[in-house]
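Student: Here is a sequence with its predicted model. Questions after.
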Amino acid sequence: MTTPATTTPGTRQGPAPSTGLTPVFVRLKLSLLRNGLRQSSGRRAAYVASAVVALLFAALQLLGLILLRGNEHAATVSVLLVAVLALGWAVMPLFFPSGDETLDPTRLVMLPLRPRPLVRALLVSSLVGIGPLFTLCLALGAVIAVARGGAAVAVGVVAVPLTLLVCVALARAVATANIRLLTSRKGRDLAVLSGLVIAVGAQLVNFGAQRIGSSQEGLGELDPAADVLGWIPPSSALSAVHATGDARYVTAAAQLALSVAALFLLVWAWRRSLTRLMTSPDGSTLAAAEPSRTKNRTTGLAARLPAGRTGPVMERTLRYVWRDPKTKAAWVTSLAIGLIVPVFNALQGTGSVYFACFAAGMLGIQMYNQFGQDTSSFWMVAMTISSTRDAYEELRARALALLVITLPYAALVTVLTTALLGDWRTLAESLGLSFALLGAMLATGAWSSARFPYSIPQQGYKNVAPGQAGLAWISILGGMIAAAVLCAPVIAFTIWLHSAGHSASTWLLLPLGTAYGAAITYAGLRLAAPRVAARLPEILTAVSKG
């Protein structure tokens, strides 16, 4: 015979109620957001400003789509907007992996979590934020613009959350599959390319808008693209709403099924990547455990560089371009803008072959503030400079390293611009002008590096240390104006050849411009070398403030 158990006050019988994982992750997301805003007033102001701008843009976009209702091209515009939005969700985690701390599931490796509830919790927590709200407004406006009839509205009720879930799952799947890369040094360098993507995308939008504006069909030019994208999720969910309004029920069912299948496929891929990530060892640990491999210094880049001081300095400069985030960002921006401006103007029919000189000007800017990228490590360079000759060899090697990239790139942009314009007669003179401008930029860059050095902070987004913004403006703007003045003889000779009717002799500008650029570069390096040798302590102090 058993005696019934007695209960004492303060005790509970039975298992403790378990808290679902999803509410915990939602609260975690809110806590991360709240604690991040508490770090500084500047961060709060930036977040509030970005939120206001995003919500205002979302509201205006929602209003515009509502006003588009009834237009014959409403479905085309809506489908394209949803496709572009989905592309943004897929790409942004690659360039801005640190924008959302919950995108990094490696922080949860040590917790006893199973993939299915973890995926569900992460998916729901991803719906918290400005991005999902913006996506919801756009999807809602797109459905309102194309829905006609009660059946279409019913499909739209399903299409709006389905579009949002596909976008969020797409971002999560991409981020989880590439999280090892994104959290490494090479992965963080992907953020450098974000400026290039934005610049190219803006030019493509501008080019497309001009083409649509000049076409008689107007937005009808986009109909073929919309027909294709209408079968690609999540745009297919919106196309299902339009097809339902046109009584094409079989097509609507197929397009809606495509979006549903895409959602399940993305969640499955996300769960599989998450399982592999949470159970496999870190690749960096495996690499560190492997026996070290000795690199042969007699092959590769080092073997092709000149002997003496020039080779090591050139190799160090080129490695800065490849490895240092700030230097790489500056180079990527210059390479992108130097190509985009002349090429896109040529494609739009408003360009000139002389726009190709823009590439030489943008790349020549990289010669400015050469010692700033060394930061406090410049003391090691200063220890190797004991005479004007050493300073000249240092500057010459840095200029040669820049020419390895800038010279062929400037020539490539010039040839490409000429080919797009079909004006091959001006190729020689445009190349000569580009080389002369590049030489002038290298010359003034060497002098300004010695006279106006400034520090480049390694942390944060600023490229100039506090209190040195004036030095940076004087160095860059003054150097660019001086470079234009130095190129005046070549420019004047070009104008004289055309005005005097000697257009057939413009080919002389290629050898003359090349020789002039080389001579002005040599003169600039010679003038800057004594100043560098005499101002080593001042330069070290200036570049060490970051």
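Tutor: Looks like it arrived, so ask away.
Student: ok, how many other residues are close to Ile481?
Tutor: 11 (other Cβ atoms under 10 Å). Quick note: C-beta positions are derived from backbone N, CA and C, even for glycine.
Student: What values do phi and psi take at it?
Tutor: Backbone torsions of Ile481, given as degrees, to the nearest 10, read phi -70, psi -40.
Student: same question, Gly308
Tutor: The phi/psi pair for Gly308 (degrees, to the nearest 10) reads phi 80, psi -150.
Student: Moving along the chain from the helix or strand hosting Ala401, name the first helix or strand you hit.
Tutor: Element membership of Ala401, judged by DSSP states H and E, is helix 388-421. Counting by DSSP H and E, the next helix or strand C-terminal to helix 388-421 is helix 427-451.
Student: ok, Leu127 to Arg120 distance?
Tutor: 12 Å (Cβ to Cβ, to the nearest Å).
Student: no no, Pro537
Tutor: Taking Cβ to Cβ, one finds Pro537 at 62 Å from Arg120.
Student: who's more crowded, those two?
Tutor: Arg120 (16 against 10).
Student: Who are the contact partners of the more buried one?
Tutor: Taking Cβ atoms under 8 Å, 6 or more residues apart in numbering, we find Arg120 in contact with 21-22.
Student: check which helix or strand covers it.
Tutor: Judged by DSSP H and E, Arg120 forms part of helix 115-125.
Student: Next: Val128.
Tutor: Following DSSP H and E, one finds Val128 outside all helices and strands.
Student: repeat for the one 10 residues further on
Tutor: For Leu138, the enclosing helix or strand under DSSP H and E is helix 130-146.
Student: do Ile495 as well
Tutor: Assigned by DSSP H and E, Ile495 falls in helix 488-499.
Student: buried ones in the next helix or strand after that helix?
Tutor: Next along the chain after helix 488-499, taking DSSP H and E as the criterion, comes helix 509-534. In terms of neighbour count (16 or more other Cβ atoms under 10 Å), helix 509-534 has its buried residues at 509-510, 512-514, 516-518, 520-522, 524-525, 528-529, 531-533.
Student: and helix 509-534, average pLDDT?
Tutor: Taken as a whole, helix 509-534 has a mean pLDDT of 92.
Student: Mind giving me the packing neighbours of the helix holding Ala401?
Tutor: Here helix 388-421 touches helix 310-323, helix 325-347, helix 357-364, helix 427-451, helix 509-534, going by 3 or more Cβ pairs under 8 Å, 6 or more residues apart in numbering; DSSP states H and E.
Student: Ser434 touches Cys357, doesn't it?
Tutor: Yes. Using Cβ atoms under 8 Å, Ser434 is in contact with Cys357, at 5.1 Å.
Student: ok, these two, which is more surrounded?
Tutor: Between Ser434 and Cys357, Ser434 has the larger neighbour count (other Cβ under 10 Å), namely 29 against 26.
Student: need the contact list for that one.
Tutor: Ser434 neighbours (Cβ under 8 Å, 6+ apart): 356-357, 359-360, 410-411, 414, 513.
Student: Recalculate using a threshold of 10 Å.
Tutor: Contacts for Ser434 (Cβ atoms under 10 Å, 6 or more residues apart in numbering) come out as 354, 356-361, 363-364, 406-407, 410-411, 413-414, 510, 513-514, 517.
Student: Please give the number of neighbouring residues around the nearest residue to it once chain neighbours are set aside.
Tutor: The shortest distance from Ser434 to any non-neighbouring residue, by Cβ to Cβ, 6 or more residues apart in numbering, is to Ala360 (4.3 Å). Ala360 has 28 neighbouring residues, counting by other Cβ under 10 Å.
Student: mind checking how far Ala360 is from Leu431?
Tutor: In terms of Cβ to Cβ, Ala360 sits 10 Å off from Leu431.
Student: cool, and Leu510?
Tutor: For Leu510, the distance to Leu431 equals 5 Å [Cβ to Cβ].
Student: Likewise for Ser31?
Tutor: Distance of Ser31 to Leu431, computed by Cβ to Cβ: 59 Å.
Student: which of those two has more neighbours?
Tutor: Neighbours per residue (other Cβ under 10 Å) separate Ser31 from Leu431, with Leu431 holding more: 24 against 10.
Student: quick one, what contacts that one?
Tutor: Contact analysis of Leu431 by Cβ under 10 Å, 6+ apart lists 353, 356-357, 360, 410-411, 414-415, 418, 507, 509-510, 513-514.
Student: likewise Arg38?
Tutor: Neighbouring residues of Arg38 by Cβ under 10 Å, 6+ apart: Arg44.
Student: circling back to that earlier point, please enumerate the shared neighbours of Ser434 and Cys357.
Tutor: In the contact map built from Cβ under 10 Å, 6+ apart, the residues linked to both Ser434 and Cys357 are 410, 413-414.
Student: and those as TSV, adding pLDDT and distance to Trp322?
Tutor: Conversion of the shared contacts of Ser434 and Cys357 to TSV gives the following (pLDDT from 0 to 100; distance: Cβ to Cβ, whole Å):
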residue	pLDDT	distance to Trp322
Ala410	91	20
Val413	91	21
Thr414	91	25
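Student: which one of those sits closest to Thr244?
Tutor: In terms of Cβ to Cβ, no member of those lies closer to Thr244 than Val413, at 49.7 Å.
Student: Was I right to think the closest one contacts Ala360?
Tutor: Yes. Using Cβ atoms under 10 Å, Val413 makes contact with Ala360 at a distance of 8.3 Å.
Student: what touches both of those two?
Tutor: What both Val413 and Ala360 touch, as defined by Cβ under 10 Å, 6+ apart, is the set 338, 434.
Student: What part of the chain, helix or strand, is modelled with the least confidence?
Tutor: In the chain, no helix or strand scores lower on mean pLDDT, DSSP states H and E than helix 283-289, which sits at a mean of 48.
Student: mind listing what's buried in the helix holding Arg120?
Tutor: Buried-residue list, helix 115-125, by 16+ other Cβ under 10 Å: 115, 118-125.
Student: same check, this time on stretch 251-260
Tutor: Residues 251-252, 255-256, 258-260 are the ones in stretch 251-260 that count as buried (16+ other Cβ under 10 Å).
Student: Val84: how many residues sit nearby?
Tutor: Neighbour tally, Val84, other Cβ under 10 Å: 14.
Student: gap between it and Asp223?
Tutor: Taking Cβ to Cβ, one finds Val84 at 16 Å from Asp223.
Student: Break the protein into its domains for me.
Tutor: 21-186+219-280, 308-543 (automatic domain parsing).
Student: Need the distance between the two termini of the longest one.
Tutor: Looking back up the chat, that one is domain 308-543. 26 Å (Cα to Cα, to the nearest Å).
Student: Now do Ser430 against Ala83, distance only.
Tutor: 39 Å.
Student: Of those two, which one has the most company?
Tutor: Ser430 (28 against 21).
Student: mind checking how far that one is from Thr417?
Tutor: 8 Å.
Student: Next, show the common contact partners of these two.
Tutor: Each of 342, 352-357, 423 lies in contact with both Ser430 and Thr417 under the rule Cβ under 10 Å, 6+ apart.
Student: Can you tell me which of these are classed as buried?
Tutor: Among these, those classed as buried by 16+ other Cβ under 10 Å are 342, 353-357.
Student: Closest to Val48 out of the residues you listed?
Tutor: Distances from Val48 to these, taken by Cβ to Cβ, are shortest for Pro342, at 39.4 Å.
Student: quick one, what contacts that closest one?
Tutor: Pro342 makes contacts with 351-359, 413-414, 416-418, 420-421, 430, as judged by Cβ under 10 Å, 6+ apart.
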